[in-house]
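Peer 1: the sequence and its predicted three-dimensional model are supplied below.
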Amino acid sequence: MKFYLFLTLPLTTAFTVPTAHTCTTPKSTVVSSLAAEPAGINGSSQPKKVIVLGGDGFCGWPTSLYLSDQGHDVVIVDNLSRRNIDVELGCDSLTPIQSPNVRVQAWKEVSGKDIKFVNLDIAKEYDLLVQLIKEEKPDSIVHFAEQRAAPYSMKTSKTKRYTVDNNVGGSNNLCCAVIDSEVDAHIVHLGTMGVYGYGTSGGEIPEGYIDVILPGGREANILHPAYPGSVYHATKCLDALLWQFYQKNDQLRITDLHQGIVWGTNTPQTVRDERLINRFDYDGDYGTVLNRFLMQGAMGVPLTVYGTGGQTRAFIHITDTARCIEIAINNPPKAGERVEIFNQVAETRRVRDVAKLVADKTGVEMNLLPNPRQEAAENELDVSNRKFCSLGLDPITLDEALFNEVTEVVQKYKHRCDPTKILPASFWNKKRAEECASLDPSSVKVKV
């Protein structure tokens with residue numbers, strides 16, 4: 001599919017999107033192709049030294065355990081900023097997460113494997129980051145170390161500035177540190193599907209690069225135009241430009257993963273000991289939409305659907321996040337090759353359809369709230385995820401059995417829920433804040 005750059009890309013299209021878009025590559029074909037290439041495609045499947053930046057977080061922690069379980073030598077780097085934001089917002093994880101030191105000790109006890117933890121702020125402690133890379137000499141550096149919540153990034157001028165300073169500054173520091181350390185480390189960055197916008201491509205969203213026709217009929221394949229919907233998403237777009245520059249200028253090897261909305265809580269590794277449990281955010285700032293719905297349904301709270309619920313979004317289970325990271329690590333681009341980009345998604349669903357799944361299962365009602373976000377009320381979304389499928393990913397899709405796992409977690413820890421934190425508390429602009437002014441956090445009641 002080609003687009004003319006001198007035309008405006010349509011905001012709505014005639015394309016019909018399926019309710020779910022999943023891998024279509026036959027699993028048997030994938031298995032046989034990988035068996036014929038034991039070293040992996042364009043890379044090595046041998047155990048690696050991996051630094052996981054942001055390894056204490058919602059995605060970083062289970063990914064670190066998964067990589068360790070697969071035989072990789074893992075070093076977690078985190079400045080614990082997410083835990084500090086818990087204090088700032090007055091809202092803890094629904095699950096009682098342990099300190100990093102307790103976590104890694106528990107993993108040692110159940111697995112016999114060591115994970116090193118380093119408390120370091122990559123956006124501020126540049127010299128220590130360079131020193132760490134020189135000492136550890138990692139094969140890969142996984143970059144989760146960014147403020148990850150769109151609502152929080154829109155909360156105040158302070159949180160907007162913090163998100164830009166932390167996210168863009170940290171990504172730039174990482175590139176500079178790899179160059180200064182003279183260690184040929186492959187950077188694997190967790191991006192977001194939100195860099196593309198939603199329904200602005202005129203059809204299926206390709207994986208990072210899009211075919212266009214320039215004036216004069218010249219054909220080109222360029223980085224997909226950015227269309228961010230929040231300050232958080234804007235930082236991921238800026239990251240994408242940094243990756244392009246440092247690859248071109250310094251031949252850094254970089255993979256950018258445009259991930260969908262993550263759902264689920266635990267993985268096969270985190271369930272091995274209570275001390276390994278992953279965090280579960282349920283509040284309006286950090287709770288991802290499906291996890292919020294599952295928590296609300298389990299606690300008898302009407303589901304907080306924003307606007308019409310017509311937003312179509314991409315989803316991925318937390319277990320697949322970890323699996324995708326390892327696939328990316330095992331298949332790095334060669335030196336001099338352009339930034340590799342994967343769409344890290346399992347399927348697409350409309351929000352109100354997801355809400356109905358949960359409502360039908362739990363018996364709670366759907367509550368259509370004024371939308372705190374500046375976004376289209378309805379959109380279509382068709383996403384290509386062929387690269388991960390061709391490398392062996394058999395993605396987990398929305399399944400009631402997995403809903404049960406999340407519901408069980410909620411039931412066990414529901415006494416830790418603060419119902420006043422359930423409604424949205426961050427608004428994209430003054431108009432959105434005014435439209436949501438009637439929302440009363442104290443009105444939310446949970447079933448004991």
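Peer 2: Thanks, I have the structure now.

Peer 1: any idea where the helices of the stretch 51-200 of the chain begin and end?
Peer 2: Taking DSSP state H, counting those that start in this stretch to define them, one finds helices in the stretch 51-200 of the chain at 60-69, 81-89, 100-111, 126-136, 150-153, 157-181.

Peer 1: spit out the contact partners of the residue in the chain sticking out farthest from the centre.
Peer 2: Most distant from the centre of the chain: residue 216, at 38.9 Å, with distances by CA atoms, centre = their mean. With contact set as CB atoms under 8 Å, 6 or more residues apart in numbering, residue 216 has no partners. Using the backbone N, CA and C atoms, a C-beta is placed for each residue, glycine as well.

Peer 1: and it, which of the three is it?
Peer 2: With DSSP: H, G, I helix; E, B strand; the rest coil as the basis, residue 216 sits in coil.

Peer 1: where in the chain is pLDDT low?
Peer 2: 1-44, 199-201, 448 (pLDDT under 70).

Peer 1: can you tell me the centre-most residue of it?
Peer 2: Residue closest to the mean C-alpha point of the chain, counted by CA atoms, centre = their mean, is residue 259 at 4.8 Å.

Peer 1: for that one, give me phi and psi.
Peer 2: Dihedral pair for residue 259: phi -90, psi 150, per degrees, to the nearest 10.

Peer 1: does it really touch residue 192, like I thought?
Peer 2: Yes - look at residue 259 against residue 192 with CB atoms under 8 Å: they come within range, at 5.9 Å.

Peer 1: residue 49 pairs with what?
Peer 2: residue 73 (DSSP bridges).

Peer 1: number of nearby residues for it?
Peer 2: For residue 49, the number of neighbouring residues by other CB atoms under 10 Å comes to 15.

Peer 1: now the residue nearest to the centre of the chain, nearest residue through space, not along the chain?
Peer 2: residue 344 (4.1 Å; CB to CB, 6 or more residues apart in numbering).

Peer 1: neighbours of that neighbour, just the number please.
Peer 2: The number of residues packed near residue 344 is 31, by other CB under 10 Å.

Peer 1: now do residue 256
Peer 2: Residue 256, neighbours per other CB under 10 Å, totals 26.

Peer 1: past the strand or helix carrying it, which element shows up next along the chain?
Peer 2: Secondary structure from DSSP states H and E places residue 256 in strand 254-259. Going down the chain from strand 254-259, the next helix or strand is strand 261-263, by DSSP H and E.

Peer 1: so the residue nearest to residue 290 when sequence neighbours are not counted bridges to which residues?
Peer 2: Spatially, and ignoring its direct neighbours in sequence, residue 290 is nearest to residue 263 (3.9 Å; CB to CB, 6+ apart). When bridges are taken as DSSP bridges, the partners of residue 263 come out as residue 317.

Peer 1: residue 119 too?
Peer 2: Under the criterion used (DSSP bridges), residue 119 bridges to residue 78.

Peer 1: what's near enough to touch it?
Peer 2: 78-80, 100.

Peer 1: go ahead and confirm residue 102 touches residue 275.
Peer 2: Yes - here residue 102 reaches residue 275: they are 5.7 Å apart, a contact under CB under 8 Å.

Peer 1: residue 409 is nearest to which of the helices of the stretch 51-200 of the chain?
Peer 2: helix 60-69 (13.5 Å; CB to CB).

Peer 1: may I have that closest one as PDB, with CA atoms only?
Peer 2: C-alpha atoms of helix 60-69 as PDB (Å, rounded to 0.1, in the frame of the first residue of the first chain):
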ATOM      1  CA  GLY A  60      10.200  -4.900  33.500                       C
ATOM      2  CA  TRP A  61      10.000  -7.300  36.500                       C
ATOM      3  CA  PRO A  62       8.300 -10.200  34.800                       C
ATOM      4  CA  THR A  63      10.500  -9.800  31.800                       C
ATOM      5  CA  SER A  64      13.600  -9.900  34.000                       C
ATOM      6  CA  LEU A  65      12.400 -13.100  35.600                       C
ATOM      7  CA  TYR A  66      11.500 -14.700  32.200                       C
ATOM      8  CA  LEU A  67      14.900 -13.800  30.700                       C
ATOM      9  CA  SER A  68      16.700 -15.300  33.800                       C
ATOM     10  CA  ASP A  69      14.500 -18.400  33.600                       C
END
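
Peer 1: distance of residue 379 from residue 172?
Peer 2: Using CB to CB, to the nearest Å, residue 379 is found at 32 Å from residue 172.

Peer 1: now do residue 266
Peer 2: Counting by CB to CB - residue 266 and residue 172 are separated by 34 Å.

Peer 1: do the same with residue 376
Peer 2: For residue 376, the distance to residue 172 - CB to CB - is 32 Å.

Peer 1: okay, and residue 238 sits in which element?
Peer 2: helix 231-250.

Peer 1: related to what we said a few turns ago, would you show me how to pick out the buried ones of the contacts of residue 119 in PyMOL?
Peer 2: Remark: buried members of the contacts of residue 119, expressed as a PyMOL selection using 16 or more other CB atoms under 10 Å:
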select buried, resi 78+79+100
